[in-house]
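Engineer: based on what follows, work out the 3D shape:
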Amino acid sequence: MFNRLQSLIRDYFGFSQKESRGFLVLLVLTLLCLLIPFVFRFIADRNPVDTSVADQQKLDSLVKLMQQQEAAQPAYSERTENRKTTAERFNEPRLFMFDPNTVSVAGWQQLGTPGWLAQRIEKYRNKGGRFRKKEDVLRIYNFPSELYQQLAPYMTLSEQEAGKAGSTDAARADKPFSHEAYKPGDRPQFSRPAKPELQPFDINTVDTTQLIALKGIGSKLAGRILAFRDALGGFVSIEQYRDIYGLDSVALAELQKFGQIRTAPRRIRINTASADELDRHPFLSRRQAEIIVRYREQHGAYSSVEALRPIRILDAKTIDKLAPYLEF
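Structural biologist: Model prediction:
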């Protein structure tokens, strides 16, 4: 029987004799593992443990003792109140009559005001601020209107502060308007200093002070303009202003209006410049700079801009933009 089963496994799976034996052993072990839980449930005794009379009496006595302890303990609300810390009791709102001009930070907190708001009120008073009316409390930044409605009935202002507020309002209401008090001839005449008129400047020598005087150009943008100019070696056309990053239409119009080109740009000696020097120019990449130098070493010095056109990596647009900056 065993040999026949082994031969069937060998023919079906293509196992060797040794592999088929191992497969049968593994199959038997798997079946045993699956049957163990069922055998254990069948063999195990499911009868409940019988509790003796002595154990039952002990359980009854413990239950009675727990009931007596619960009856002796105070109610839940009383226990909760007793367990509260001093800080928790202090933070509970307790309303009382107070003067907002003299109550302390701790008093504000006791009234239910958050600590940060109480500190802000204290800073306001230390700087000379006074509450002449109850509504003046709402002038404190982020003072909740709900909190004001709760505290308003308990606010008491001193007679001096209330009198100042009343006299100010009465003076504004009773004082008649008189045209004689505001005669045009009596008004002091102030002459505003004339704003200096902007003058055109040389963009290739200008500094940041003159640039930030233009509309739409701040110190950061002025520094960016000068950095682009220095990298180029100087501007040769006002159309190059469009290549400056972050220049909007307003700033571009101002720069084209006042930024004139009066100085020639700095030129690069193409026949002696190294690849690093050429690479620093914004119009050339590192790869292009290296090929320009290699082409020069293989074919000799460049005689004009036209000598650069056979270099395939340089397109016509790049050569035309680079031409004003080259010296042959």
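
Engineer: now do the strands in this structure.
Structural biologist: 201-202, 259-260, 268-269, 326-327 (DSSP state E).

Engineer: format those strands as TSV; extra columns: distance to Leu221, mean pLDDT and mean neighbour count.
Structural biologist: All C-beta atoms are positioned from the backbone trio N, CA, C, and that covers glycine. As requested, these are exported to TSV (distance: least, Cβ to Cβ, whole Å; pLDDT from 0 to 100; neighbours: other Cβ atoms under 10 Å):
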stretch	distance to Leu221	mean pLDDT	mean neighbour count
strand 201-202	16	94	16
strand 259-260	13	94	18
strand 268-269	27	94	14
strand 326-327	29	94	15
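
Engineer: for the longest helix along the chain, packing partners?
Structural biologist: Longest helix in the chain by number of residues (criterion: DSSP state H): helix 17-43. Other elements packing on helix 17-43 under the criterion 3 or more Cβ pairs under 8 Å, 6 or more residues apart in numbering; DSSP states H and E are helix 2-13.

Engineer: for stretch 43-60, measure first residue to last.
Structural biologist: By Cα to Cα, to the nearest Å, the extent of stretch 43-60 from end to end equals 34 Å.

Engineer: who touches stretch 138-156?
Structural biologist: 95-100, 111-113, 117, 120-121, 124, 134, 137 (Cβ atoms under 8 Å, 6 or more residues apart in numbering).

Engineer: could you give the average pLDDT over it?
Structural biologist: Across stretch 138-156, pLDDT averages out at 88.

Engineer: convert it to PDB, retaining C-alpha atoms only.
Structural biologist: Provided in PDB are the C-alpha atoms of stretch 138-156 (Å, rounded to 0.1, in the frame of the first residue of the first chain):
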ATOM      1  CA  LEU A 138     -14.000  95.800  24.500                       C
ATOM      2  CA  ARG A 139     -11.200  97.900  23.100                       C
ATOM      3  CA  ILE A 140      -8.800  95.200  24.300                       C
ATOM      4  CA  TYR A 141      -7.900  93.100  21.300                       C
ATOM      5  CA  ASN A 142      -9.800  89.800  21.200                       C
ATOM      6  CA  PHE A 143     -11.800  90.500  24.300                       C
ATOM      7  CA  PRO A 144     -14.800  88.100  23.900                       C
ATOM      8  CA  SER A 145     -18.200  89.800  23.700                       C
ATOM      9  CA  GLU A 146     -19.800  86.900  25.600                       C
ATOM     10  CA  LEU A 147     -17.400  87.400  28.500                       C
ATOM     11  CA  TYR A 148     -18.200  91.200  28.500                       C
ATOM     12  CA  GLN A 149     -21.900  90.500  28.800                       C
ATOM     13  CA  GLN A 150     -21.200  88.200  31.700                       C
ATOM     14  CA  LEU A 151     -18.900  90.700  33.500                       C
ATOM     15  CA  ALA A 152     -20.600  94.000  32.700                       C
ATOM     16  CA  PRO A 153     -23.100  93.800  35.700                       C
ATOM     17  CA  TYR A 154     -20.300  93.400  38.100                       C
ATOM     18  CA  MET A 155     -18.100  96.300  36.800                       C
ATOM     19  CA  THR A 156     -17.900  99.400  39.000                       C
END
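
Engineer: next, the buried residues of that stretch.
Structural biologist: Within stretch 138-156, the residues that count as buried by 16 or more other Cβ atoms under 10 Å are 140, 147, 151, 155.

Engineer: what do you get for stretch 108-120?
Structural biologist: By 16+ other Cβ under 10 Å, the buried positions in stretch 108-120 come out as 108-111, 113, 117-118, 120.

Engineer: if we can go back for a sec, turn the strands of the chain into a markdown table, including distance to Gly246.
Structural biologist: Output for the strands of the chain, formatted as a markdown table (distance: least, Cβ to Cβ, whole Å):
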| stretch | distance to Gly246 |
| --- | --- |
| strand 201-202 | 21 |
| strand 259-260 | 16 |
| strand 268-269 | 27 |
| strand 326-327 | 28 |
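
Engineer: the domain parsing of this protein - what is it?
Structural biologist: 2-39, 90-167, 201-260, 268-327 (automatic domain parsing).
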